[in-house]
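1. Only the shape, not the letters, is given here:
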């Protein structure tokens, strides 16, 4: 066997191994890129302001903060005196966040759907500010609530159903009326563009325990 032939064979082997090594390095880089991408995008990052105006990274994180804020307010102040009287299976709530007055901070409507909190005219609903402080209670209302398309002192006017009738709720001295049935009957047609708040008829809201 000639020296030239042996040299040619060794050259082919060297080139083949070099290609394999290069392909292996490229595969490794691709795997690393994919793994890094998964670490970055799962869960997908979204810039969402929390109640303190800071930037959060995921919807779940924001919800967790809001739920704990509401739970602390309900247990610590709003329901503190009657907490022991509430049946264990009814110590739960649903909520929806909405900016009612255009100040770029959220308010929270909190619904307590158990029979302990309800009567024939409706159920108890609380409105909290972005720090979890009670703005006021609305004691007998069916859900959903609606925005009326008008404002009073910068706050949305609300339409609430109670006893199969609709009533207009307007902010007064920083609070909405607690008993809708004592307010003017809302005679206008609710606009298709009205915001529906706690629309439990058409949407599923997660239930959280106290």
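-> Received, thanks. Remember, predicted model here, so these are calculated numbers, not experimental data.
2. Show me how far stretch 201-210 is from its chain's centre.
-> In terms of CA atoms, centre = their mean, to the nearest Å, the centre of stretch 201-210 is set 11 Å apart from its chain centre.
3. From one end of that stretch to the other, what's the distance?
-> End-to-end distance for stretch 201-210, by CA to CA, to the nearest Å: 23 Å.
4. and if you look at stretch 99-109?
-> Terminal residues of stretch 99-109 lie 10 Å apart, using CA to CA.
5. contact partners of that stretch?
-> 49, 51, 53, 66, 69-70, 95-98, 125-130, 132, 135, 145, 154-156, 197-198 (CB atoms under 8 Å, 6 or more residues apart in numbering). All C-beta spots, glycine's among them, are computed from the backbone N, C-alpha and C.
6. Now do the contacts for residue 122.
-> When contacts are counted by CB under 8 Å, 6+ apart, residue 122 touches 139-142, 161-163, 180.
7. Return a PyMOL selection command for the buried portion of the residues you listed.
-> In PyMOL syntax, the buried subset of the contacts of residue 122 is picked out as below (16 or more other CB atoms under 10 Å):
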select buried, resi 139+140+141+142+161+162+180
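8. re earlier: for ChimeraX, write the selection for the buried entries among the contacts of stretch 99-109.
-> Selection of buried members from those for ChimeraX, criterion 16+ other CB under 10 Å:
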select :51,66,69,70,95,96,97,98,125,126,127,128,129,130,132,135,145,155,156,197,198
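9. quick one: which of the contacts of stretch 99-109 sit in strands?
-> Counted as lying in strands by DSSP state E, out of the contacts of stretch 99-109, are 49, 95-98, 125-128, 135, 145, 155-156, 197.
10. Report the two of those residues separated the most.
-> 49 and 125 (24.2 Å; CB to CB).
11. Report the residue spans of the protein with pLDDT below the cut-off.
-> For the chain, the stretches with pLDDT under 70 are 1-58.
12. would you list every one of the helices in this structure?
-> Using DSSP state H, the helices of the chain run over 3-41, 59-73.
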